[in-house]
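Chemist: here is my input; please provide its structure:
(one chain, ligands or ions: 1)
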Amino acid sequence: MAAGPRTPRRARLTGVGAYVPERVMTNAELEVMVDTTDEWILARTGIRERHIAAGDQATTDLAAAAVRDLLDRTGTAPSDIDLLIIATTTPDYVFPPCAPLVGTMTGMDSVAAFDLNAVCSGFMYGMAQATGMVEAGLIRRAVVVGADTLSRIINWEDRATCVLFADGAGAVMIEADDGAPGTGVVGFDLGSDGSTPGDLWVPAGGTRTPITPGVPHADTCIQMNGREVFRFATRILVESSARLLREAGLTIDDIDLLVAHQANERILDHASERIGIPREKVVMNLDRLGNTSSASIPLALAEARDTGVLADGALVLMVGFGAGLTWGSVLARWEPRP
Ligand code: COA
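Modeler: Model prediction:
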């Protein structure tokens with residue numbers, strides 16, 4: 001990527017692609033693995049089933065499938081993409097990052113490409129980054145992917161976490177408006193609080209505690225203080241949405257659709273009630289997909305498009321939250337390519 005003289009412009013959200021692995025894991029299967037029940041999982045989380053990557057699938061495979069879907073649907077040539085960002089917490093390797101590999105897998109020769117890790121908020125950070133670069137005139141067109149293979153870092157003996165998380169990938173196109181009418185990507189609210197990392201983390205495997213023979217398997221997997229994360233999630237969903245709407249000079253009545261991180265139905269119910277948005281404007285697909293971390297928002301957006309809930313020109317409020325703790329909200333008009 002090389003940027004010459006820069007022309008400020010607006011960035012638009014013009015496409016979405018998705019991929020989930022074929023294998024479906026039901027709550028009934030989890031009943032056999034840990035001391036849980038379908039009733040408990042459904043009542044406490046809203047999840048019925050989730051998709052799990054095949055043994056030979058890694059995060060780049062899921063991401064590349066979502067990118068191909070996006071390029072097909074928008075009729076975009078891979079060579080027209082200037083920047084590829086992959087938000088992920090579960091890269092194929094410590095390095096290289098996923099993005100250069102996915103660029104090559106999808107025919108984007110020499111594309112500027114990097115990974116971004118803000119866990120379940122990563123996709124929102126990626127959209128902000130891409131929008132900033134388009135609007136600064138550095139690039140014309142970016143693909144932002146959220147992709148995670150959380151099944152590889154789940155402790156399948158921990159009933160408090162293994163029922164929640166799953167695998168998938170979603171991708172969006174952010175591109176320069178070329179003077180076309182429309183409001184584009186309206187604004188962002190991004191933030192973090194690193195004071196309680198242990199609320200949701202994988203303690204080992206990084207530079208602080210490398211994986212050595214003495215490290216318990218459980219420490220190489222997701223560990224969570226569910227109640228604290230629940231409290232944080234409901235609070236931040238409300239606060240971040242309110243801040244962004246205030247900044248944009250809008251109210252919740254201006255929003256056509258809320259696409260929030262698909263963590264738990266009760267979190268979405270609590271938060272949407274407090275935000276004051278009617279249930280029919282809240283997208284939910286976690287019953288079939290579980291919590292797919294970075295992928296959950298683009299996957300929900302893609303499903304809303306497929307079911308006709310996401311109308312052309314709709315003003316969409318997207319809110320992500322997760323480990324870090326981190327959060328990120330994006331307000332954007334859905335302006336698909338004709
Ligand atoms: N099946 C059956 N019982 C389970 C269980 C399971 N899968 N998981 C936990 N329990 C038990 C607990 O051990 C506890 O038992 P105890 O009272 O005998 O100690 C009981 O259920 C209640 O646990 P609690 O943690 O209070 O449940 P909860 O109502 O808070 O629901 C979560 C647990 C994890 C569903 C909920 O806290 C949650 O969704 N938190 C947010 C998680 C999240 O979204 N994380 C990702 C953010 S990106």
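Chemist: in the one helix or strand residue 189 maps to, what's buried?
Modeler: Here residue 189 is covered by strand 185-192, with elements defined by DSSP states H and E. By 16 or more other CB atoms under 10 Å, the buried positions in strand 185-192 come out as 185-191. Any C-beta I mention is one placed from the backbone N, CA and C, and that applies to glycine too.
Chemist: what's the answer for stretch 108-118, then?
Modeler: 108, 111-113, 115-118.
Chemist: now do the contacts for whichever residue of the stretch 151-300 of the chain sits closest to the ligand.
Modeler: The ligand sits closest to residue 226 of the stretch 151-300 of the chain, with a gap of 2.9 Å, by CB to the nearest ligand atom. Residues near residue 226 by CB atoms under 8 Å, 6 or more residues apart in numbering: residue 160.
Chemist: what's the following helix or strand after the strand holding residue 189?
Modeler: strand 200-201.
Chemist: pull up the pairing partners for the helix or strand just after that next one, direction included.
Modeler: Following strand 200-201 in sequence order, the next helix or strand is strand 223-224 (DSSP H and E). Within its sheet, and counting by DSSP bridges, strand 223-224 is paired with strand 200-201 (antiparallel).
Chemist: so how far is the partner strand off the chain centroid?
Modeler: When C-alpha coordinates are averaged (CA atoms, centre = their mean, to the nearest Å), strand 200-201 and its chain have centres 17 Å apart.
Chemist: the closest residue to residue 76 other than its chain neighbours is in what secondary structure piece?
Modeler: Counting by CB to CB, 6 or more residues apart in numbering, residue 76 lies nearest to residue 173, which is 6.8 Å off, once chain neighbours are set aside. Using DSSP H and E, residue 173 sits in strand 167-176.
Chemist: got the residues of the protein near the ligand?
Modeler: In this structure, the chain approaches the ligand at residues 36, 40-41, 44-45, 120, 159-160, 163, 224, 226-227, 229-230, 233, 263-264, 291, 322, judged by CB under 6 Å from any ligand atom.
Chemist: show me the residues you listed that map onto helices.
Modeler: Taking DSSP state H, the ones among these that sit in helices are 40-41, 44-45, 159-160, 226-227, 229-230, 233.
Chemist: highest neighbour count among these?
Modeler: Highest neighbour count within these: residue 233, with 26 neighbours (other CB atoms under 10 Å).
Chemist: OK, contacts around that residue?
Modeler: Counting by CB under 8 Å, 6+ apart, residue 233 has contacts 261, 263-264, 267, 271, 321.
Chemist: of those residues, which is the nearest to residue 126?
Modeler: residue 261 (13.6 Å; CB to CB).
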